[in-house]
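# Okay, here's the prediction I keep looking at, along with the sequence it came from:
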Protein chains: 2
Amino acid sequence: MGDVEETVADVGEFALIRRITGGRPKGAATLLGPGDDAAVLAAPDGRVVACTDVLVEGVHFRFDWSPPTQVGSKAAAVNLADIAAMGATPTGLLVGLACPSTTPASVVDELSAGLAAEAARARVGVVGGDMARSDTFVISVTALGSLDGRAPVTRSGAMPGDVVAVAGKLGWSAAGLAVLGRGFRSPVTVVGAHRVPAPPYAAGPSAALAGATSMIDVSDGLLADLAHIAEASTVAIDLVGGLIPVDQRLIEVASALGADARHWVLTGGEDHALAATFPSASSVPPEFRVIGSVTRGAGVTIDGKAYTGDPGWQHWR
Amino acid sequence: MGDVEETVADVGEFALIRRITGGRPKGAATLLGPGDDAAVLAAPDGRVVACTDVLVEGVHFRFDWSPPTQVGSKAAAVNLADIAAMGATPTGLLVGLACPSTTPASVVDELSAGLAAEAARARVGVVGGDMARSDTFVISVTALGSLDGRAPVTRSGAMPGDVVAVAGKLGWSAAGLAVLGRGFRSPVTVVGAHRVPAPPYAAGPSAALAGATSMIDVSDGLLADLAHIAEASTVAIDLVGGLIPVDQRLIEVASALGADARHWVLTGGEDHALAATFPSASSVPPEFRVIGSVTRGAGVTIDGKAYTGDPGWQHWR
């Protein structure tokens, strides 16, 4: 064999599932971990929050742009952010992996390590997994969470008079994608933000405790996701242009690329910031910055006017 | 457009997710259904059982052999069977779908209908979903369940002196696959068993209540899955050849194809029968048939001898 690289076909399905799920920190909520037909997780208040996301090579990630560790971390992060957006604390992850049988086993190992590292950042374990052969590399992650007695924070509870606030980074992933698209690999902080989002997990339960009336994780773009809240709550949202946070770093990168940093902030998805509405500015927890208000009507505006840039990312179009 | 068929790209991601998850029976455990960042399900005893399975076109199903409705039903059934194999009752499903953007929207609609129908058979709802574009058609399903206060039945509790018993069909899926592989479409009952397994969901909780010491769902083949129990429990399992149920229908089909019906029963996966061990023959619930016993040692034998046919299905080899 010599220096021929070991593939997933060489290792075999069961051994690889053990590699994905085995030998990692268990997470406090794991009652029965991987290795059986199913796992058992604590659901202390008698309810479980659950969501699922699918990531496809060439669509959501590219191994020539992101090493497998970062792809794994991202796959975990996008799901854990959805749990946080309900006001819940994550309790566990399950992962389904479909990949070509010629995939180096090291790619699966590194991807699993990234997934487990992000899970550990959210204090949960990877409690279940499945693998299959596929021409396309597809990662499907399911995250579970606990509300610990709180009501879930949905998209539909925003009321006229509420303030709109965001927690976490905005526009960084879009900036990183633009940098990579031009063939650059730096600045590292911007490129890294595209490769692995850093959702503010703890801000989700904080918002719920502070009485958030609605919340969403920003995955399609700030304006697109606020439009989901506006539609579900049958309200209008007006942002204050001067309050929209555009990081100095993004302005520098945009300037170098001849791009518009504010456009990234308003329409770039995949940072998995949290956007929420609160009954008053005084109830907004410290992780959040107020950027606008909820009014009667429909749609999302900035200083009363529609934004005329491109809409948020639509996978199919 | 005339008779040009509508594709998933025409319909768009959000509309399709709504089609997958919307307008179906909710399931008694659904507290907050699809349409938000995550769903909320009841977990009445403070625990949730969770598992995930990935199905790939060309590996686990073929649309030229199985209509999309049946592929959807199968994707649900294989996961719900894993929940049953823990002794749990299913409470909800989440589905991730990756498919080419040229896929007819009707395929997704029919697949969703099949998924929802099987979910309804298990009295649960499809509470979450995600869609992505992919060159390969991949379905990832996560099932959740409730133990209702019972201990989970793992693979590792079998004890020497226990009896081994099975519930549900064995060998039918393998027979159906053999029929289809020869280009036939009948007998319909056999072909249908390959297209959509009919796991005995209620037998899982029954077994748990009856004191089952271990349980597994038969997805890799009876001998292969009993070997998982033997290994996890560090025991040996000996089957009584004369007790292994080979349906008369399978014998007829095998005879017509020049195949071995008993081989299908012993090694055919994908029927998602349940195999379990019980402390005594008198404790075995009516859905199960005793086929052998647990002894000291290792491995699985029939009448004391190793089976020399092919091993169970290995996805990667």
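Sure thing, it's come through.

# C-alpha from now on. contacts and neighbour counts both.
Noted.

# Flag every residue of the stretch 101-250 of chain A that's near chain B.
Contact residues, the stretch 101-250 of chain A versus chain B (Cα under 8 Å from any Cα of the partner chain): A:101, A:128-136, A:138, A:140, A:142, A:152, A:154-155, A:216-217.

# In three-state terms, how would residue A:186 be classified?
On the three-state scheme (DSSP: H, G, I helix; E, B strand; the rest coil), residue A:186 is labelled coil.

# Would you agree it is in contact with residue A:179?
Yes - contact criterion Cα atoms under 8 Å: residue A:186 and residue A:179 qualify, at 7.2 Å.

# These two: which is more packed in?
residue A:179 (22 against 13; other Cα atoms under 10 Å in any protein chain shown).

# can you pull the buried residues of stretch A:20-39?
For stretch A:20-39, burial by neighbour count (16 or more other Cα atoms under 10 Å in any protein chain shown) applies to A:20-22, A:24-27, A:29-30, A:32-39.

# From the chain's centroid, how far away is it?
22 Å (Cα atoms, centre = their mean, to the nearest Å).

# Next one: it, is it in contact with chain B?
Yes - using Cα under 8 Å from any Cα, stretch A:20-39 reaches chain B at A:36, A:37, A:38, A:39.

# tell me the mean pLDDT over that stretch?
For stretch A:20-39, mean pLDDT rounds to 85.

# again, but for stretch A:153-160
Stretch A:153-160 comes out at a mean pLDDT of 97.

# Quick one: residues in contact with that stretch.
A:85-87, A:208, A:212-216, A:228-236, A:277-279, A:293-296, B:36-37 (Cα atoms under 8 Å, 6 or more residues apart in numbering or on different chains).

# Just the ones in helices from the residues you listed, please.
The helices, defined by DSSP state H, take in A:208, A:228, A:229, A:230, A:231, A:232, A:233 from these.

# count of neighbours near the first one?
The burial count assigned to residue A:208 is 25, neighbours taken as other Cα under 10 Å.

# Tell me if I'm right that it and residue A:87 touch.
Yes - in this structure, residue A:208 is within contact of residue A:87 by Cα under 8 Å, at 5.0 Å.

# Pull up the overlap in contacts between the two.
Common neighbours of residue A:208 and residue A:87 (criterion: Cα under 8 Å, 6+ apart): A:150, A:152, A:153.

# Tell me the one of those residues nearest chain B?
Ranked by distance to chain B (Cα to the nearest Cα), these are led by residue A:152 at 7.9 Å.

# so what's residue A:4 scoring on pLDDT?
Per-residue pLDDT puts residue A:4 at 71.

# quick one: contacts for the residue nearest to residue A:8 when sequence neighbours are not counted?
The shortest distance from residue A:8 to any residue other than its chain neighbours is 4.8 Å, reached at residue A:105 (Cα to Cα, 6 or more residues apart in numbering or on different chains). Contact partners of residue A:105, counting by Cα under 8 Å, 6+ apart, are A:6, A:7, A:8, A:11.

# Need the phi and psi values for residue A:105.
phi -60, psi -30 (degrees, to the nearest 10).

# Buried ones in stretch A:255-272, by neighbour count?
For stretch A:255-272, a neighbour-count test (16+ other Cα under 10 Å) marks A:259, A:261-272 as buried.

# Check stretch A:99-114 too.
A:99-101, A:103-105, A:107-114.

# since we're on residue A:50, how many residues are nearby?
So residue A:50, with other Cα under 10 Å, has 32 neighbours.

# Understood, closing this out.
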